[in-house]
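Visitor: Show me how the following folds:
(2 chains)
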Amino acid sequence: MKNDKLIIAKKKFDSRLIVGTGKYKSMAECAKAIKFSGAEIVTVAVRRVNILNKNKPLLMDFIDPKKITYLPNTAGCFNSKDALRTLRLAREIGGWKLVKLEVLGDKTNLFPDMIETLKTTEFLAKEGFRVMVYCNDDPLMAKRLENSGADAIMPLAAPIGSGLGILNKINIQIIRKQTKLPVIIDAGLGQASDATIAMELGCDGVLVNTAIAKAKKPFEMALAFKNAVIAGRQSYCSGRISKTLMGNPSSPTEGII
Amino acid sequence: MKKIKIKVNGKFKTVLNNSKLSDLLKNLNIPIKKVAIELNQEIIDKKKSNNIKLKKNDKIEIVHFIGGG
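Guide: Below you'll find the model as predicted:
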């Protein structure tokens, strides 16, 4: 498993767990949870600087972008125009080309607007961005994203922040099977075992935020997710046995006294 | 010197007419390396903020990274 790397846009990563940096009590807590998770990529949002509080701490002071890969997102964008504006600004902050595109279509279920998402993926790819795309678990849309220049397909397990776990395992498997791109489960995981299942389905990684940040013990949960992803990947790579309807004894049936 | 009203991150601010964008950034204590700046919806090259003079009703957006999923 030593050379088993996650490769996104030609960059190699040892960890297959990507974590979000939202919803933590403090930036210090967030930074510590990232350490426990072992994540090498973290998602970040682009927002206005608070000009009234000049001494407010900055995320970059807690999480060093030279050590951890920042993945700017478009959270809160509901159309292509806003998403493009946000990511162009993100690139301007310091040359970020690897980005997470997320164009939402509904404020309550937070499902992605796939028409806007598809359109934006095309624009971004043409502008030289490397785009990891949050999408629904529809294999046809995933294929279209691939054809539009996406660098990673990131289907939801369930609605963002819902903690429901993977609702449609079959679709996730179909998406994994049909594409050469990395498939990262993004959104909706609730506990560490959900990450193991994602990895056992053949996914290349998982992206987790709420399940860690809002756990009673975020550091322990970050560690649990780290181990769960490793276990799931090892299990997937080891080749599981086939399922049978009837039992099959584990001890020899010959020589029974 | 004449004073003008501009908008910074959605809030009105009064500055001297023809003052430089770089002065405003300094005045707001903005860590330039960690932000991106838009002037009237156009991203500006941060290194050139010295050459940009502020005009009446200019709309400036200064953004940075915060925690997000």
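
Visitor: Let me see the ranges of the strands in chain B.
Guide: In chain B, the strands defined using DSSP state E lie at B:3-8, B:11-16, B:36-39, B:42-43, B:59-67.

Visitor: quick one, which of the ones you listed is nearest to B:N51?
Guide: strand B:36-39 (11.7 Å; Cβ to Cβ). Glycine gets a C-beta too; all of them are placed from N, C-alpha and C.

Visitor: if we can go back for a sec, next, format the strands of chain B as TSV and append mean pLDDT, distance to A:N209 and mean neighbour count.
Guide: Output for the strands of chain B, formatted as TSV (pLDDT from 0 to 100; distance: least, Cβ to Cβ, whole Å; neighbours: other Cβ atoms under 10 Å in any protein chain shown):
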stretch	mean pLDDT	distance to A:N209	mean neighbour count
strand B:3-8	93	30	16
strand B:11-16	92	30	13
strand B:36-39	96	23	20
strand B:42-43	94	28	11
strand B:59-67	95	9	21
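
Visitor: Let me have these in CSV, adding distance to chain A as columns.
Guide: Shown next, in CSV, are the strands of chain B (distance: least, Cβ to the nearest Cβ, whole Å):
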stretch, distance to chain A
strand B:3-8, 6
strand B:11-16, 7
strand B:36-39, 4
strand B:42-43, 5
strand B:59-67, 4
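
Visitor: can those strands go into a markdown table with extra columns for distance to A:A213?
Guide: A markdown table is the format used below for those (distance: least, Cβ to Cβ, whole Å):
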| stretch | distance to A:A213 |
| --- | --- |
| strand B:3-8 | 31 |
| strand B:11-16 | 29 |
| strand B:36-39 | 25 |
| strand B:42-43 | 31 |
| strand B:59-67 | 9 |
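
Visitor: out of those, nearest to A:T210?
Guide: Closest among those, using Cβ to Cβ: strand B:59-67, at 11.9 Å.

Visitor: Okay, angle between that closest one and strand B:3-8 too, please.
Guide: Strand B:59-67 runs at 30 degrees relative to strand B:3-8, counting by axes from the mean of the first three to the mean of the last three Cα atoms, to 10 degrees.

Visitor: Just the strands from chain A, written as ranges.
Guide: Using DSSP E, the strands of chain A run over A:6-8, A:11-13, A:17-20, A:41-48, A:69-72, A:98-101, A:130-135, A:152-155, A:184-186, A:205-208.

Visitor: The ones you listed into JSON lines, with extra columns for distance to A:L164, mean pLDDT and mean neighbour count?
Guide: What follows is these, written out as JSON lines (distance: least, Cβ to Cβ, whole Å; pLDDT from 0 to 100; neighbours: other Cβ atoms under 10 Å in any protein chain shown):
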{"stretch": "strand A:6-8", "distance to A:L164": "25", "mean pLDDT": "96", "mean neighbour count": "18"}
{"stretch": "strand A:11-13", "distance to A:L164": "27", "mean pLDDT": "96", "mean neighbour count": "14"}
{"stretch": "strand A:17-20", "distance to A:L164": "17", "mean pLDDT": "97", "mean neighbour count": "30"}
{"stretch": "strand A:41-48", "distance to A:L164": "20", "mean pLDDT": "96", "mean neighbour count": "23"}
{"stretch": "strand A:69-72", "distance to A:L164": "23", "mean pLDDT": "96", "mean neighbour count": "22"}
{"stretch": "strand A:98-101", "distance to A:L164": "21", "mean pLDDT": "97", "mean neighbour count": "26"}
{"stretch": "strand A:130-135", "distance to A:L164": "16", "mean pLDDT": "98", "mean neighbour count": "26"}
{"stretch": "strand A:152-155", "distance to A:L164": "14", "mean pLDDT": "98", "mean neighbour count": "28"}
{"stretch": "strand A:184-186", "distance to A:L164": "12", "mean pLDDT": "97", "mean neighbour count": "29"}
{"stretch": "strand A:205-208", "distance to A:L164": "13", "mean pLDDT": "98", "mean neighbour count": "28"}
